[in-house]
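> the following block contains a protein sequence and its predicted model.
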Amino acid sequence: MAQSEKKPYALLAKFSTPEALVSAARRVHEAGYTKFDAYTPFPVEDLPQAMHMKPSLMPWLVLAGGAAGALGGFAMQTYATVIDYPLNIGGRPLFAWPAYIPISFELTILLGALAGVLGLFVFTRLPQPYHPVFNSPDFLEHASQDAFYLEIETSDPQFNAEETRRFVEGLSPESVVEIEA
């Protein structure tokens, strides 16, 4: 694809401090933008609140996986020892549920962990070997070390190339670049 045929993906603003990024993210949200993201070299505590991110579904997914493991393990053992192959050994009852606890516990941990790992890949859209922000040499050099970035995607309903650029430059970033897809 020729250089002139490339479609703009986003405006990328670079900030030098986490406080400046949080302030900018808060102002971007207040301005009504919905399709924007931030990139930082380390977790920034106030950033999710400033971006008004929705709570993650991961805890519920792990809980569902763990519950499925516990119930599945308990049901499997109950079926095997009470219904399918009942053996009366030493006069013990067929439904000896305390013996089912270790396997049920292990399956709770196993399925909870598997649900967490699979959820991580689904929710973070991994593996994603390419993202348009990688087209910025400055991003590649500084994003994981010493700079903070905020991008506003061109697919945002409120995005207007000139107005959005003026707005982003008003946030006092070190630089603003247009990223091509």
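All right, it came through fine.
> now Val122: how far from Ala10?
Distance of Val122 to Ala10, given as C-beta to C-beta, to the nearest Å: 23 Å. In short, each C-beta sits where N, CA and C put it, glycine included.
> what residues go with each domain of this protein?
In the assignment given by automatic domain parsing, the structural domains of the chain cover 3-55+128-180, 58-123.
> measure how far the longest one is from the centre of its chain, please.
Read it as domain 3-55+128-180. Relative to its parent chain, domain 3-55+128-180 has a centroid offset of 17 Å by C-alpha atoms, centre = their mean, to the nearest Å.
> for the last one, same thing?
Computed by C-alpha atoms, centre = their mean, the separation of domain 58-123 from the middle of its chain amounts to 28 Å.
> any idea how far apart the tips of that domain sit?
According to C-alpha to C-alpha, to the nearest Å, domain 58-123 extends 8 Å from its N-terminal end residue to its C-terminal end residue.
> returning to what we had before: taking the domains of the chain together, which one is wrapped up most tightly?
domain 3-55+128-180 (a mean of 16; mean count of other C-beta atoms under 10 Å).
> wait, doesn't Ala38 sit right on Met51?
Yes: under the criterion of C-beta atoms under 8 Å, Ala38 lies in contact with Met51, with a separation of 6.5 Å.
> what ranges do the strands span in this protein?
When assigned using DSSP state E, the strands of the chain occupy the ranges 8-15, 36-39, 148-153, 175-180.
> picking that back up, mind listing the shared neighbours of Ala38 and Met51?
Ala25 (C-beta atoms under 8 Å, 6 or more residues apart in numbering).
> let me see the mean pLDDT of whichever helix in the chain runs longest.
Taking residue count as the measure and DSSP state H as the definition, the longest helix of the chain comes out as helix 101-123. Per-residue pLDDT values across helix 101-123 average out to 97.
> now for it, which elements pack on it?
The criterion is 3 or more C-beta pairs under 8 Å, 6 or more residues apart in numbering; DSSP states H and E, and the helices and strands that helix 101-123 contacts are helix 58-78.
> much appreciated, bye for now.
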